[in-house]
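> sequence first, predicted coordinates after that:
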Amino acid sequence: MIHPAILRKQRLLVLGGLALILVTIIIGMGLGYSSLSYDRLIPTLLGQGTFKEEFVLFSIRLPRIAITVLSGMALALSGAILQGITRNDLADPGIIGINSGAGVAVAIFFLFFPIQEGTFVYLLPLVAFVGAILTAACIYALSYSRQTGLQPVRLVLIGVGFSLALSGIMIVVISSAERSKVDFIAKWLAGNIWGTDWPFVWAILPWLVILIPFTLYKANRLNLLGLGEPVAVGLGVSVEKERIILLLTAVALAASAVSVTGGITFIGLMAPHIAKALVGPRNQLFIPIAILLGGWLLLLADTIGRNIIGTDGIPAGIMVALIGAPYFMYLLLKK
């Protein structure tokens, strides 16, 4: 039974998260290399703007904003699931190598396979998912012991090792590629939001529409897994089956996000932690808040990054890392 006061607090925080996202979206719509006057936003949204205003808003700003919000949500939810199934507060799809696995698959696909414009956008999340799931399977297998089960600390250490190894593979893969394609991969590695057209929004949206409700449905299972294997087994949970299902869910979310945003880390680490600090560790309560925080954090990082220096700005992945790396060190020392 959840106390009514906590439920009220959670609902207020959800409304607050939605308000933060809305305010940041409004600010982001007006900022950029081609500025758009704020008093022209509503007329432009209603179809009464000039050709330039409508082009800037509907073809440049809004798809990029939608991609950053959706990707941030996916990364935050992926991190929350990984922390739940591993019982490790340091688990994040970027830190433990899942993003790197997706990145290597995307790089190989982009560099060495013929690309057809109509299907490339929709194939990319699937390619990233294949790379991410192979990486996650290897990390999981090496972290698991029949005697002691899944070892959380070992999982993080092996994941970091895989991340470094895959970064080396990435360098080897791109060393013989064309210059133009190498530039794309370099920007992808830096976390530069590159999927900024509406087809990329439609490519990532179905993953979230399906997997967010599914994760909320599995929230009680995540609560039980967080209590430890003996307790979960005693309560009738098929631990390995649930872990594998939830791991596939986390990998799919991370892969769909990084396939269009590049190598972004720490969103999946920070958003669940902040949400837990606000409403406690019950997954039903903190997951909706973590999802909104993830979307807002990445949107904020991208909005600041693309307006801070010159026309190209700073990639969102670097902006997030500037905040997330010290936070990761804090958690590492604390735990």
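Perfect, thanks for sending it. Numbering: from 1, shown residues only.

> contacts, neighbours, all on C-alpha from now
Noted.

> ok, V279 - how many residues close by?
Using other Cα atoms under 10 Å, the number of residues around V279 comes to 18.

> what do you get for I2?
Using other Cα under 10 Å, the number of residues around I2 comes to 9.

> so it, which state does it fall into?
Assigned by DSSP: H, G, I helix; E, B strand; the rest coil, the conformation of I2 is coil.

> could you give the number of residues near Y330?
Neighbours of Y330 (other Cα under 10 Å): 11.

> surely V258 meets S100?
No: here V258 lies out of contact with S100, judged by Cα atoms under 8 Å, at a distance of 9.3 Å.

> mind checking which helix or strand the spatially closest residue to T303 that is not a sequence neighbour is in?
Excluding the flanking residues, the one nearest T303 by Cα to Cα, 6 or more residues apart in numbering is G28, at 5.8 Å. Assigned by DSSP states H and E, G28 belongs to helix 4-30.

> pull out the buried positions in that helix.
For helix 4-30, burial by neighbour count (16 or more other Cα atoms under 10 Å) applies to Q10, L13, V14, G17, L18, L20, I21, T24, I25, G28, M29, G30.

> surely the fourth one is in contact with I289?
Yes: with contact defined as Cα under 8 Å, G17 counts as touching I289 (7.0 Å).

> on that earlier part again, which residues does the residue nearest to T303 contact?
Contacts of G28 were listed using Cα atoms under 8 Å, 6 or more residues apart in numbering, and they are R61, I65, T303.

> tell me the pLDDT of it.
According to the prediction, G28 has pLDDT 86.

> could you do the one 4 residues further on as well?
As summarised for this prediction, G32 has a pLDDT of 70.

> and stretch 47-60, end to end?
Here the two ends of stretch 47-60 are set 16 Å apart, with distance taken as Cα to Cα, to the nearest Å.

> quick one: distance of it to the chain centre.
29 Å (Cα atoms, centre = their mean, to the nearest Å).

> pull out the buried positions in it.
Neighbour-count burial for stretch 47-60 [16+ other Cα under 10 Å]: G49, E53, E54, V56, L57, F58, I60.

> do stretch 155-169 as well
Within stretch 155-169, the residues scored as buried using 16+ other Cα under 10 Å are L155, V156, I158, G159, V160, G161, F162, S163, L164, L166, S167.

> which one of those is nearest to M270?
If you rank the buried residues of stretch 155-169 by distance to M270 using Cα to Cα, V156 comes first, at 15.9 Å.

> picking that back up, need the buried ones from the contacts of G28 selected in ChimeraX.
To isolate the buried ones among the contacts of G28 in ChimeraX, judged by 16+ other Cα under 10 Å, type:
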select :61,65,303
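
> helices - which of the contacts of G28 land there?
Members of those lying in helices (criterion: DSSP state H): I65, T303.

> any idea which of the contacts of G28 is closest to D39?
Using Cα to Cα, these come closest to D39 at R61, 16.2 Å.

> please name the nearest non-neighbouring residue to that closest one.
M29 (5.9 Å).

> surely that neighbour meets L62?
Yes: the pair M29 / L62 is scored as a contact, 7.1 Å apart, by Cα under 8 Å.

> centre of the chain to stretch 236-254, how far?
Taking mean C-alpha positions (Cα atoms, centre = their mean), stretch 236-254 and its chain are 17 Å apart.

> which parts of the protein are strands?
Secondary structure of the chain by DSSP state E: the strands cover 144-145, 149-150.
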